[in-house]
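Asker: I would like to see how this sequence folds:
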Amino acid sequence: MFLILIVVVSLVAWSLHLMQEAVQHREFSLMLAGFLVSAAAAAMMSVYFLMGHYVGYMTHVAHRSFSDEFLNSSAWETPADFWEANGELDLMPYR
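Answerer: Next up is the predicted model:
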């Protein structure tokens, strides 16, 4: 985390330096370079936060588990048996 923060702060400082040089020398290319460097810093922070939320979500999902009763149950031999037991399978819908 601290490494990414240091990289982002240095990118922002570099972009500000480039933009300052662009104003002093009246060069559009330096201003564009400064903007691109600052956009890269913003993109790095965006990806950092998005991946942090994604990893947190995946960790939460990994810790959730099915109950042992469901996993160890041999009452349902086929999916049709499971659906029939839960009332979701009607083999003769038109009676």
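Asker: ranges for the helices of this protein?
Answerer: Secondary structure of the chain (DSSP state H): helices at 2-25, 28-63, 68-72, 79-85.
Asker: any chance of these in JSON lines, plus mean neighbour count?
Answerer: Backbone N, C-alpha and C define where each C-beta goes, glycine included. As requested, the helices of the chain are exported to JSON lines (neighbours: other CB atoms under 10 Å):
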{"stretch": "helix 2-25", "mean neighbour count": "13"}
{"stretch": "helix 28-63", "mean neighbour count": "12"}
{"stretch": "helix 68-72", "mean neighbour count": "8"}
{"stretch": "helix 79-85", "mean neighbour count": "12"}
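Asker: okay if I get those as TSV plus mean pLDDT?
Answerer: Output for those, formatted as TSV (pLDDT from 0 to 100):
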stretch	mean pLDDT
helix 2-25	93
helix 28-63	88
helix 68-72	51
helix 79-85	63
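Asker: quick one: the closest residue to Leu16 other than its chain neighbours from Glu21, how far?
Answerer: Spatial nearest neighbour of Leu16, excluding adjacent residues (CB to CB, 6 or more residues apart in numbering): Gly34 at 7.1 Å. Gly34 sits at a distance of 8 Å from Glu21 (criterion: CB to CB, to the nearest Å).
Asker: is it true that the residue nearest to Leu16 touches Ala22?
Answerer: Yes - judged on CB atoms under 8 Å, Gly34 makes contact with Ala22 at a distance of 6.2 Å.
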